[in-house]
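> structure of the sequence below:
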Amino acid sequence: MAAELGAKRGFEDGEAYDPAKRQATGAGVGTGEGASFLFKILVPNKMAGGVIGSRGATINSIKEASGARVKVSKAEETYPGTSDRIILISGSVDGVLTASRLVVAEIFKE
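From the prediction side, this is the model:
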């Protein structure tokens with residue numbers, strides 16, 4: 001029996017329907033209090049040092065001001081196909097927004 005284009009796959013061997021197997025639940029993600037959000041920023045390798053700062057002073061001040069977790073990838077851990085490093089910001093919506101603004105401001109600082 002040939003599968004039709006766009007047709008859903010049927011149950012195999014009398015398998016019962018299990019919604020947990022068939023759909024993403026989004027567990028751990030939400031908009032309620034305590035929900036955690038992630039934001040990634042790609043930064044040219046030579047600008048990543050400015051975000052980190054001398055002895056981590058800049059990144060630590062961003063973390064403290066925003067309440068978010070901010071991580072910068074190591075120099076050898078770049079986004080595939082580029083030489084850009086990854087800045088991962090996680091936390092509450094307000095924390096992530098504040099940290100991302102501070103990171104972008106640091107990147108464009110002259």
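
> mean confidence score for the helix ranked longest in the chain?
Selection of the longest helix in the chain by residue count, based on DSSP state H, yields helix 93-107. For helix 93-107, the mean pLDDT works out to 96.

> same deal with stretch 77-87?
Mean per-residue pLDDT for stretch 77-87: 95.

> contacts only, for Leu88.
Leu38, Phe39, Lys40, Arg69, Val70, Lys71, Ser73 (CB atoms under 8 Å, 6 or more residues apart in numbering). Heads up, the C-betas are built off the backbone N, CA and C, glycines and all.

> hang on, the earlier thing: can you list the buried residues in the longest helix of the chain?
Buried positions in helix 93-107, judged by neighbour count with 16 or more other CB atoms under 10 Å: Gly95, Val96, Leu97, Thr98, Ala99, Ser100, Leu102, Val103, Glu106.

> next: stretch 60-76.
Within stretch 60-76, the residues that count as buried by 16+ other CB under 10 Å are Ile62, Lys63, Ser66, Ala68, Val70, Val72, Ser73.
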